[in-house]
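**Q** Model the following, please.
(4 chains)
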There are 2 protein chains.
Amino acid sequence: MAATIKDVAKKAEVSPSTVSRVIANNPRISQDTHEKVRKAMKELGYHPNAMARGLVKQKSQTIGLFISTSAELALSNPFFVEAIRGIGSVIQKHGYSLLLHSIEDEKDAERACLSLLRQKKVDGVVLSTSRVNDKLISKLQTEGYPFVVIGRPVPGLSINWVNNDNIKAAYEATEYLLKLGHQQIAMISGPEDLVVSMDRAKGYKMALQSYGLPFRQEYLKSGPFTQVFGQEAMKHLLSLEQPPTAVLVADDLMAFGAMETLKTRNLSIPGDMSIVGFNDSPLASFIHPALTSVNLNIYELGTQAAKLLMEIVEKPGHNASQRVIPTQLIIRESCGSPGKGGDTLKASCV
Amino acid sequence: MAATIKDVAKKAEVSPSTVSRVIANNPRISQDTHEKVRKAMKELGYHPNAMARGLVKQKSQTIGLFISTSAELALSNPFFVEAIRGIGSVIQKHGYSLLLHSIEDEKDAERACLSLLRQKKVDGVVLSTSRVNDKLISKLQTEGYPFVVIGRPVPGLSINWVNNDNIKAAYEATEYLLKLGHQQIAMISGPEDLVVSMDRAKGYKMALQSYGLPFRQEYLKSGPFTQVFGQEAMKHLLSLEQPPTAVLVADDLMAFGAMETLKTRNLSIPGDMSIVGFNDSPLASFIHPALTSVNLNIYELGTQAAKLLMEIVEKPGHNASQRVIPTQLIIRESCGSPGKGGDTLKASCV
DNA sequence: AAATGTTGTGCAATCGTTTTCGCAAAGTAT
DNA sequence: ATACTTTGCGAAAACGATTGCACAACATTT
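**A** Just a heads-up that it's a prediction; the model follows:
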C-alpha cells in the first residue's frame, strides 16, 4: 500500500490540504510546516497519485504521439527515433509523458486518437502521418482538442503544424545542381498524393524555371518511397534518348536504389550522373560515394512540435500557428559537374 | 464539457451504477436497460474518463517502455521501431497504452521509471537497456512492480526477461564459417561489460572448441558498437602476421566498418575475407556484397515481452519466467570458402 | 401459502487528490 | 485601543468513475 496524502498529513500532523499546498509550493505555507511535511513525505516515500491528481485537475500530463511505423519506412525511420527524441526532450521538461501509438492503418489511428483524447488519457496529440487524413483533423478541430501535425502542412485550415519548407529545400538542391553546370536535371519523386512530394516537385520546377530551363515531363518520375522504385525510375531515365546528367531524388532510400542501377551499369557517380537525396539518413554518409542529401532536422521538427503543443495545452485559447524548420543541403561526394563521363570512382564501394 | 456517467444516467433514466454496469457488461442488466443506456451513451458521445476509472480500479491501463535511443544506436535502431511495434501490437489488444520514455542517461531513467510506477501512471514496465543497471532492477523487485527486461538476461536473479540466445546464435554463426572451411576465424565484439557481448564471445569460443580449434586472444577485439571501431578492429586483424580468413562481427554496424577497410585495401569479400554480422539491420541486404547476418527477431522479442508483462500485470503473483527467442542466420553473399583470394566482386558496390 | 432463490436496480462509500471558503491569530495602520 | 489586512491552516466539496450492500419484484420450490 503506497502512502497517500492522508498518511503524510497524519504523520506531519497537518491536514491533507496543507500537504497538497506544500506540494504545489503554495506561498501561504510557513517555512516550519513546509519542512515538517517534506520530511514526512520523504519518510513515507510518498508520491502523489497521478490519476487522482489528474481527475481533479482535468489533466493527464501526458501527450500522445501518433506516428506511422509501417515496414516501408523501416529504413527511413531515423525519422521515428529522432522525432521521438525531440518531442520527449521538451515535454519531459514540462513534466509530461509521452504516450506512443504506432499506427498501422488509418482507421485504427483515428479511433485510437479520438478515444485517447476523449478518455482524457492524453491532453493533446502530435500527429505525424504523411497520408492525408482530413477526417481526423477536422474532428480534432471541431472537438477542440489540442494537436499539432508534424511533417505536413495542411493548407487552408488554420491549424498548428510544423514542417520543413520542402519547396525551398528542393529549390536549393536543384539550384545546387544547376550551379554545378547541369542542364538536364531529372527528378525522382514520391507518391503524387503526398503533400511532401508535391512540394518537392514544385521546388524543383521552380528552380528550373528561375534558371530559364524548361520542365520536361519525362524527367519527372513519381512513385513509392522505395529502393526498388528508385532503381526502376533510374532505369527509365537512362533509357531516354537524352538522359539527364543529374537527378534530384525525393528520398535517400530511392536514391540508393537509383545509385544501384547506375553502378550495375558501370556508370560513375558523380562522373556520369550526379545524385542528391532527401532526408540525410545515416546511410547517406556511409555509402560510397557518400550521398549529398538534404537534412530535414527531424529532431528540431520534434522539439518545435512539442513546444507548440505545450503552449496550446498550457494556455488554451492559443491561436493557431505554424513553424517551418530550416533544412540544410549536406554536400558530400555524389555530385559533380557534368561532362566528366570518363571519371571512375576511386574508393568505389562500401 | 464532455458527458459524464451521470449525464448518461439521467438521459437513460437510470442510476450511474447501472450505466457503469452496462459498460462492464454485467450480466445482471436487463436487455432493455442495456439498450436504453447504450443509446444514451451514443447520443451523448460518452467516453468513460480514464483517470476516474483508474483511480478506483487502481490501474492505469498503461505500461511504460524504457529504451535507449542514444545517438550511437541511430543506425541499429530498427531495434527501437521493431520492439515498439511488437510491444504495441500485443498491449493494444489488452486495452493498454504505451508510455514511452527514451532514456539518455541511466540516472534519469531510474528516477523516471520509479516515479512513473509510484505515481501509478503505469502498471508495469518493460526495460530495454543494454547497460547493466542492477540498482533499478533490484528496486523494482523489492517494491514489487511488474516488469520485464528485454534483450538482456539477468543471471542469478529470478526476474522476468526475454532475450535471444546469443551464445547459441554466435555458436551457429561461427559453425557456419567453420563448415565453410575456415580455420582462422576472428571476432570483433562489442563492449566487454555488456552481457550481450560476453554471450556472443562465449558462443564463438565454444564453436571453436567444438571443432578442435584453439582460441587466440589476438583474434578477439572488443570495443564499442560503432562503424569506426569496426574499421579499426579490421585494420588490426589485417596487421597480424597471420590474418584471419573470416570474421564474426557482433553488430552489423561494426561489420560495415570492417567491410569498408577491406574495400579500401582492395580486398574482396568474400574472396579474401568472409564476414558475418549481427542484427540483420535493413542495410545488411542492401549493401554490396549483401551481408550475412544473424536476425534477432526483434518484433518477436517485443511481443513476447509484452505478453509476459500482460500476464504479470493482469494476474499478480505470477512466477518469474523467461523466454528465449530464436535467431536465424540469414545467409547472403558475404561469406565463402577460404583460399579464393583472387576473386573479385562482380557487382561491387552501392 | 410460505419460504426461498433469482433478477434488476439504486444508494452510498470509496479511490487520492485539489481547491474554495472560512476562520482564527498575528501584524499593521489609524 | 480599534479596525483592517495579511498569514497559515483546516473542513468539506468536488473530480468521475466502481462496487458492496440492500431491497424490491418476480419466479420457483416445498
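
**Q** tell me the contacts of the closest residue to A:A50 other than its chain neighbours?
**A** In space, and not counting its chain neighbours, A:A50 is closest to B:Q119: 4.1 Å by CB to CB, 6 or more residues apart in numbering or on different chains. (C-beta placed from N, C-alpha, C; glycine too.) Applying CB atoms under 8 Å, 6 or more residues apart in numbering or on different chains to B:Q119 gives the contacts A:H47, A:P48, A:N49, A:A50.

**Q** Can you check the pLDDT for B:Q119?
**A** pLDDT recorded at B:Q119 is 97.

**Q** So is stretch A:262-273 next to chain B?
**A** Yes: counting by CB under 8 Å from any CB of the partner chain, contacts between stretch A:262-273 and chain B involve A:K263, A:T264.

**Q** mind saving the C-alpha coords of that stretch as PDB?
**A** Below are the C-alpha coordinates for stretch A:262-273, written out as PDB (Å, rounded to 0.1, in the frame of the first residue of the first chain):
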ATOM      1  CA  LEU A 262      23.900   3.200 -62.100                       C
ATOM      2  CA  LYS A 263      26.600   1.000 -60.600                       C
ATOM      3  CA  THR A 264      25.400  -2.200 -62.200                       C
ATOM      4  CA  ARG A 265      25.600  -0.400 -65.500                       C
ATOM      5  CA  ASN A 266      29.100   0.700 -64.700                       C
ATOM      6  CA  LEU A 267      28.200   4.400 -64.700                       C
ATOM      7  CA  SER A 268      30.200   6.500 -62.400                       C
ATOM      8  CA  ILE A 269      28.800   8.800 -59.700                       C
ATOM      9  CA  PRO A 270      29.200  11.700 -59.900                       C
ATOM     10  CA  GLY A 271      31.200  11.300 -63.200                       C
ATOM     11  CA  ASP A 272      28.300  10.200 -65.300                       C
ATOM     12  CA  MET A 273      25.500  11.200 -63.100                       C
END
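
**Q** Do me a favour and average the pLDDT over it.
**A** 94.

**Q** Next: stretch A:338-345.
**A** Here the average pLDDT along stretch A:338-345 is 52.

**Q** Spit out the contact partners of the residue lying farthest from the centre of chain A.
**A** No residue in chain A has its C-alpha farther from the mean C-alpha position than A:E13, which lies at 51.2 Å (CA atoms, centre = their mean). Contact analysis of A:E13 by CB under 8 Å, 6+ apart lists A:K36.

**Q** Mind pulling up the pLDDT for it?
**A** Value listed for A:E13 in the pLDDT field: 94.

**Q** filter the contacts of B:Q119 by proximity to DNA strand C?
**A** Applying CB under 7 Å from any atom of the strand to the contacts of B:Q119, one finds that A:H47, A:P48, A:N49 fall near DNA strand C.

**Q** check contacts around the second one.
**A** By CB under 8 Å, 6+ apart, A:P48 lies in contact with A:I5, A:I23, B:Q119.

**Q** Not including adjacent chain positions, what is the nearest residue to the second one?
**A** Right, the one you point to is A:I23. What sits nearest to A:I23 in space, not counting adjacent residues and going by CB to CB, 6+ apart, is A:P48, at 6.3 Å.

**Q** now, among the contacts of A:P48, which is nearest to A:V149?
**A** A:V149 lies nearest to B:Q119 out of those, by CB to CB, at 29.6 Å.

**Q** Where do the strands of chain A begin and end?
**A** A:62-68, A:97-103, A:124-128, A:147-150, A:161-164, A:185-189, A:220-222, A:246-249, A:274-278, A:292-295, A:322-325, A:328-330 (DSSP state E).

**Q** residues in contact with A:T174?
**A** Going by CB under 8 Å, 6+ apart, A:T174 touches A:I185, A:M187, A:G203, A:Y204, A:A207, A:L208, A:L248.

**Q** Now do it, the pLDDT please.
**A** 98.

**Q** burial measure for A:E241, as a count.
**A** By other CB atoms under 10 Å in any protein chain shown, 5 other residues sit near A:E241.
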